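Participant: missing the sequence, but the structure's below:
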């Protein structure tokens with residue numbers, strides 16, 4: 001009877017784990033059918049005294065369940081889903097004492113916590129060691145004190161600990177996703193403003209085009225060729241300014257820099273930029289867009305908090321010894337409050353989300369991110385090795 005109860009609980013935990021490790025479509029009927037199949041498989045395995053084989057079949061059922069109903073590619077999920085059933089089968093085969101089912105249950109709770117936390121990107125050394133030690137103490141207590149009351153207490157304690165931790169990490173994940181959605185909405189808003197700014201520049205040129213032609217015709221009618229040449233030279237210089245602020249040699253870098261600099265200058269920010277890059281880089285265009293875009297958005301946001309006459313952004317981008325080097329300095333408030341002085345480590349708000357994305361991408365390329373936050377100025381340096389392997 002104890003074996004049946006614990007195996008049923010293990011199957012329930014299996015479904016909870018599968019729904020959280022994978023991305024299973026919503027719907028109760030398919031879950032009920034799959035659960036009944038697992039229970040029937042387990043019951044038949046008990047009749048023939050082959051519990052190990054029963055859990056192997058249960059694992060296969062869950063793989064098929066994931067194959068048909070997982071919204072994400074099966075190739076990335078099947079081994080995560082199957083691992084639960086296979087580990088359970090192996091542990092039940094190895095452990096043969098009367099306490100084996102409780103020990104398997106406690107070990108599976110620990111395994112589920114580790115895998116789910118890793119999936120949510122919430123696992124770190126500190127919380128991993130803390131939870132592992134806690135469960136090891138519970139498991140050791142179960143082995144040492146072979147008492148029904150103690151075992152019942154360990155069962156309740158391990159279950160309660162698991163679901164408390166699940167609630168905490170799910171709440172953290174939901175909060176992070178909400179912040180990310182808000183951040184993405186603001187990114188889209190900024191992109192809209194950039195496109196709008198480019199469109200207004202183009203429309204302004206179309207509006208002035210007729211006036212330019214009339215002016216040139218008037219000079220020609222009066223045979224004022226020198227005036228025509230002077231006027232055309234002025235138009236050419238103005239056109240160069242509108243066409244591109246920066247020509248670094250890299251198309252994606254130019255697109256981002258010119259767009260962001262245009263917006264910054266429209267907000268009365270003095271921008272100085274020097275950028276020299278090869279046409280092609282190892283870093284992808286998308287990653288370049290995220291890194292430069294977030295750094296320049298943060299710089300512009302910081303400048304908007306101070307008086308117009310003090311606003312500035314200094315940009316330097318180059319290849320130094322086969323490394324991409326990005327340096328961005330901008331004006332900042334002289335007197336910073338507590339959160340602003342410490343936001344580099346706390347990473348709060350949209351500014352922090354943007355910098356967090358930059359840090360993730362810099363780490364992806366084994367690069368280095370250096371942030372200096374002082375009254376009156378903020379400096380950021382990014383170094384990314386880009387030599388081909």
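Facilitator: Received the coordinates, thanks. Bear in mind that the values here come from a model prediction, so they are computed numbers and not experimental data. Residues are numbered from 1 along each chain as shown.

Participant: Could you verify that residue 248 is part of a strand?
Facilitator: No - assigned with DSSP: H, G, I helix; E, B strand; the rest coil, residue 248 falls outside any strand and is coil.

Participant: can you pull out the helices in the chain?
Facilitator: Along the chain, the stretches classed as helices by DSSP state H are 2-21, 28-47, 51-69, 78-94, 100-119, 125-144, 148-221, 225-243, 251-266, 285-303, 338-346, 349-364.

Participant: out of those helices, nearest to residue 372?
Facilitator: helix 338-346 (8.8 Å; CB to CB). Heads up, the C-betas are built off the backbone N, CA and C, glycines and all.

Participant: Could you pull up the mean pLDDT of that closest one?
Facilitator: Mean pLDDT, helix 338-346: 42.

Participant: Stretch 378-389 now?
Facilitator: Here stretch 378-389 scores 80 as its mean pLDDT.

Participant: One more: stretch 109-117?
Facilitator: Mean per-residue pLDDT for stretch 109-117: 88.

Participant: any low-confidence regions in the stretch 251-389 of the chain?
Facilitator: Along the stretch 251-389 of the chain, the model assigns pLDDT under 70 to residues 334-353, 387-389.

Participant: again, only using 90
Facilitator: The stretch 251-389 of the chain contains residues with pLDDT under 90 at 251-267, 278-294, 297-298, 301-302, 305-309, 320-322, 332-361, 363-366, 371-377, 385-389.

Participant: Mind listing what's buried along stretch 83-95?
Facilitator: Neighbour counts over stretch 83-95 (16 or more other CB atoms under 10 Å) mark 84, 85, 87, 88, 89, 91, 92 as buried.

Participant: Now residue 222: phi and psi?
Facilitator: The phi and psi values for residue 222, taken as degrees, to the nearest 10, are phi -90, psi 10.

Participant: For residue 373, see how far away it is.
Facilitator: Distance, residue 222 to residue 373, by CB to CB, to the nearest Å: 60 Å.

Participant: Out of the two, name the residue with the larger neighbour count.
Facilitator: residue 373 (17 against 10; other CB atoms under 10 Å).

Participant: Could you break this protein into its assigned domains?
Facilitator: 2-182, 245-389 (automatic domain parsing).

Participant: what's the closest of the ones you listed to residue 212?
Facilitator: Of these, nearest to residue 212 by CB to CB is domain 245-389, at 21.6 Å.

Participant: And residue 257, how close does it get to residue 357?
Facilitator: 18 Å.

Participant: ignore the last one, residue 258
Facilitator: For residue 258 relative to residue 357 (CB to CB), the value is 21 Å.

Participant: do residue 173 as well
Facilitator: Counting by CB to CB, the gap from residue 173 to residue 357 is 17 Å.

Participant: any chance of the domains of the chain in CSV, plus distance to residue 233?
Facilitator: Formatted as CSV, those follow (distance: least, CB to CB, whole Å):
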stretch, distance to residue 233
domain 2-182, 48
domain 245-389, 20
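
Participant: which one of these lies closest to residue 217?
Facilitator: domain 245-389 (31.2 Å).

Participant: Distance from the closest one to the middle of the chain?
Facilitator: Centroid separation for domain 245-389 versus its chain: 18 Å, with CA atoms, centre = their mean, to the nearest Å.

Participant: what do you get for stretch 52-59?
Facilitator: The chain centre lies 36 Å from the centre of stretch 52-59; the measure is CA atoms, centre = their mean.

Participant: residues contacting residue 66?
Facilitator: 18, 22, 24, 74, 77, 78, 81 (CB atoms under 8 Å, 6 or more residues apart in numbering).

Participant: meant to ask about residue 134
Facilitator: Neighbours of residue 134 in contact, by CB under 8 Å, 6+ apart: residue 161.

Participant: Neighbour count for residue 173 and residue 357, which is higher?
Facilitator: Between residue 173 and residue 357, residue 357 has the larger neighbour count (other CB under 10 Å), namely 18 against 15.

Participant: Quick check: that one vs residue 376, distance?
Facilitator: Taking CB to CB, one finds residue 357 at 26 Å from residue 376.
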